[in-house]
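In: Any chance you could fold what I've pasted below:
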Amino acid sequence: METIQVNTSQHVAIDYPVAGLGEQVAARLIDLAAFIVVGVLLLLLTGLTATSQSTVVMISIWSVYGACFVFYPLISEIFMNGQSIGKKLMKIKVISLNGSQASLGQYFIRWLFRLVDFLLTAQMGGLICIAITENKQRIGDIVAGTTLIKTVPRTNFNHIAFHPVEEEYTPVFAYADQLSDRDAELIHEVISTFYKTNNADLIYTMSERISAHLAIKIPAGMNELDFLKTVIKDYRYITSKTD
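Out: Numbers count the residues shown, from 1 in each chain. As a prediction, the model looks like this:
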């Protein structure tokens with residue numbers, strides 16, 4: 001499975017799988033279906049009120065609908081962090097090939113090349129390109145330097161898979177509550193990825209970042225994996241007492 005490295009806010013590189021042809025097609029169909037439903041409803045509404053609506057009003061309504069249809073992919077990706085409704089439901093998103101969030105210019109270029117990918121080639125240009133390229137890119141992605149990845153669902157902190165902290169527990173790191181929920185989720189994500197890939201570099205890098213962030217040293221005899229687990233345990237205990 002093709003993957004691409006994404007650097008997190010803690011500068012830890014995590015491999016995300018590239019979104020395949022199936023996910024990309026499904027996301028596009030969902031978006032199209034949403035517009036078809038809106039279009040049918042709008043057609044029924046304007047049909048029922050046709051006698052009381054002027055031609056100018058009708059043209060204006062359908063012009064706005066057409067503009068929304070044309071610019072929706074661009075606007076949604078800009079304001080939904082690389083996603084549309086279809087992409088969000090399929091849990092995929094647009095990112096830059098270097099793993100960072102795509103820029104406005106990249107979103108614009110890949111939107112502009114929809115003409116080549118879908119309209120001028122009767123949908124086939126983009127589909128063929130996605131199927132044969134290493135990073136599952138359509139022509140617009142290749143030109144813009146972007147691709148689509150499968151997003152890992154953000155874990156609700158209450159569902160993090162660690163054992164509940166006992167009532168009489170004494171925290172090892174008293175300042176663990178300086179972490180944010182997002183930091184804790186990221187630690188969990190790194191640990192989960194380590195168990196799947198056995199990539200110890202993730203653990204070493206993350207433990208270094210967290211120890212620097214909290215201004216603490218890993219105690220002698222405690223390895224980096226246990227350090228991260230202990231920090232999470234301390235965080236959960238301390239924050240539960242302050243809620």
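
In: in this protein, which helix has the most residues?
Out: Ordering each helix of the chain by length in residues (DSSP state H) puts helix 21-48 first.

In: Which positions in it come out as buried?
Out: 21, 23-28, 30-31 (16 or more other C-beta atoms under 10 Å). The way it works is simple: take the backbone N, C-alpha and C, and place the C-beta from them, glycine included.

In: so the next helix or strand after that helix versus helix 21-48, what angle?
Out: Once helix 21-48 ends, the next helix or strand along the chain (criterion: DSSP states H and E) is helix 55-79. Interaxial angle, helix 55-79 versus helix 21-48 (axes from the mean of the first three to the mean of the last three C-alpha atoms, to 10 degrees): 160 degrees.

In: what's in contact with helix 55-79?
Out: 31, 35, 38-39, 42, 46, 50, 83-85, 94, 102, 104, 107-108, 111, 114 (C-beta atoms under 8 Å, 6 or more residues apart in numbering).

In: Next: stretch 217-230.
Out: Against stretch 217-230 from outside (C-beta under 8 Å, 6+ apart): 162, 172-173, 187, 190-191, 194, 203-204, 206-207, 210-211.

In: Now it: buried residues?
Out: For stretch 217-230, by 16+ other C-beta under 10 Å, it's 218, 224-225, 227-230.

In: Let me know the closest of the residues you listed to Ile149.
Out: Distances from Ile149 to those, taken as C-beta to C-beta, are shortest for Leu228 (24.2 Å).

In: gap between Leu137 and Val6?
Out: Just to correct that, residue 137 is Gln rather than Leu. 16 Å (C-beta to C-beta, to the nearest Å).

In: For stretch 93-112, give the distance from the opening residue to the closing one.
Out: 18 Å (C-alpha to C-alpha, to the nearest Å).

In: What of stretch 101-118?
Out: End to end - C-alpha to C-alpha - stretch 101-118 spans 24 Å.

In: now the helices: where do they sit in the protein?
Out: 21-48, 55-79, 85-90, 104-112, 114, 124-132, 139-144, 181-197, 200-214, 224-242.

In: thinking again about what came up before, same list as before, the buried residues of stretch 217-230 that is, but in CSV and with distance to Gln123 and pLDDT included.
Out: Shown next, in CSV, are the buried residues of stretch 217-230 (distance: C-beta to C-beta, whole Å; pLDDT from 0 to 100):
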residue, distance to Gln123, pLDDT
Ile218, 54, 92
Glu224, 49, 93
Leu225, 48, 92
Phe227, 51, 94
Leu228, 46, 93
Lys229, 49, 91
Thr230, 53, 93
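
In: Which two of those residues have the greatest separation?
Out: Farthest-apart pair in the buried residues of stretch 217-230 is Ile218 and Lys229; separation 12.0 Å (C-beta to C-beta).

In: any idea of the mean pLDDT for the longest helix of the chain?
Out: When pLDDT is averaged along helix 21-48, the result is 91.

In: I'd like the distance from it to the chain centre, please.
Out: 23 Å (C-alpha atoms, centre = their mean, to the nearest Å).

In: Could you do stretch 126-146 as well?
Out: With C-alpha atoms, centre = their mean, you get 18 Å for stretch 126-146.

In: One more: stretch 228-243?
Out: 27 Å.

In: again, but for stretch 212-226
Out: 30 Å.
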